[in-house]
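Chemist: Mind folding the following:
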Amino acid sequence: MTSSDKRSPTQPLLSSILDVLGEEIVSGVQPEGNTFTLHDLSERFDISRTVAREAMRALEQLGLVSSSRRVGLKVLPQSEWNVFDHQIISWRLRSDEQRHAQITSLRELRDAIEPSAARLAATHATPAEARELSALAERIVELADQVAGNSDEFQEADARFHSLLLTASRNEMFVQLTQPIMDVMKGRSEYGIMPDDPEMTTMKIHIELADAIANNDPDRAEDASRRLLRGVNEFMEI
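Modeler: Numbers count the residues shown, from 1 in each chain. Alright, predicted model coming up:
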C-alpha cells in the first residue's frame, strides 16, 4: 500500500492512536526503554508518516517518549511523564496496573492543597461565591441522605463545590490544579470506589466549611476542610 492509499490525517485518528499508545506505555505493555520507529507506527496503524510524526510529537510533549535519529522513539520512565496532564491521568486511571497508585497520588495532592485553598477562600471569596458554596453544600448533604452518592447530580454538585473552593482561593496555581483534583473525584465514582451512601457526618462538614468561608473564618475553614478530607478518605474504599 502506498502512502497515498493511507488514511488522511485527521484529529480523531490522531487521538485514537494516542489513546492506544498512551495506555500501552502507562500500563507497561510498552515498558521503559522499549523502542519503535515512525515506520513502525505507519505500518501498525496504517497511517502516513505525517500522522506518525504528529503522534511522536504529542508523545514527546507528554514526556512519554524521547526521539533520536539513531534510536527512533524510546519509552521514558515514569519520572519523565507530565503527570499533571489530563490525558496521562485518564490513561493511568484506565489501567488496572496504575489505577490505585494514580488515585492515591491524586488524593494526596488534594489533601495537601484543599485545606490551604479553603483558608484563602475564607478571606477572598465573594459574597456570591459564598452563597453558592452554601447552596451546593446543602444539596450534597440532601443527595447523600437519599443514598445518591454515585448519582450524576451528586457528582456534579460535589465537583462544583470543590472547584469553586479552589477558584475562591484566588491562588492561580491552586486553580491550575482543579482538573487533576476533579479527575480523582470522577475516578473514584467511575471505578466503584465511591459508595452510594457516603457517611453523613462527613458530608455535613461541607455545610460547616461553607459557613466558615461565608463568615470569613480562615482557621475554621482550614480545619473543616482537613476534617472533611480525612473523613472522605476513611469511608472511601481505596
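Chemist: and the residue sitting nearest the centre point of the chain, what element?
Modeler: Nearest to the geometric centre of the chain sits residue 183, at 2.6 Å (Cα atoms, centre = their mean). In this assignment (DSSP states H and E), residue 183 forms part of helix 178-190.
Chemist: Tell me which other helices or strands whichever helix or strand comes after that helix touches.
Modeler: Downstream of helix 178-190, the first helix or strand assigned by DSSP H and E is helix 200-203. Applying 3 or more Cβ pairs under 8 Å, 6 or more residues apart in numbering; DSSP states H and E, one finds that helix 200-203 contacts helix 127-145, helix 218-235. The way it works is simple: take the backbone N, C-alpha and C, and place the C-beta from them, glycine included.
Chemist: Pull out the buried residues from the last one.
Modeler: The reference is to helix 218-235. Neighbour-count burial for helix 218-235, counted by 16 or more other Cβ atoms under 10 Å, picks out 218, 220-229, 231-232, 235.
Chemist: returning to that earlier point: chain center to the helix holding residue 183: distance?
Modeler: Counting by Cα atoms, centre = their mean, to the nearest Å, helix 178-190 is centred 5 Å from the centre of its parent chain.
Chemist: got the contact list for that helix?
Modeler: 84, 86, 89-90, 93, 99, 102-103, 106-107, 109-110, 113-114, 150, 155, 158-159, 162-163, 166-167, 193-194, 236, 238 (Cβ atoms under 8 Å, 6 or more residues apart in numbering).
Chemist: swap in stretch 209-219?
Modeler: 118-123, 125, 130-131, 133-134, 136-137, 161, 165, 168, 220-221, 224-225, 228.
Chemist: can you rerun that using 10 Å?
Modeler: Here stretch 209-219 makes contact (Cβ atoms under 10 Å, 6 or more residues apart in numbering) with 114-116, 118-125, 127, 129-138, 140, 161, 164-165, 168, 220-228.
Chemist: ditto for stretch 224-235
Modeler: 107-108, 110-119, 121-122, 149, 158, 162, 165, 185, 188, 194-195, 197-199, 201-213, 217, 238.
Chemist: now stretch 141-149
Modeler: Taking Cβ under 10 Å, 6+ apart as the rule, stretch 141-149 contacts 140, 151, 153-158, 189, 194-200, 202-207, 235.
Chemist: out of these, which are buried?
Modeler: 140, 154-155, 157-158, 189, 194, 198, 202-207, 235.
Chemist: re the thing from before, tell me the buried residues within the contacts of stretch 224-235.
Modeler: 107, 110, 113-115, 117-119, 121-122, 149, 158, 162, 165, 185, 188, 194, 198, 202-213, 217.
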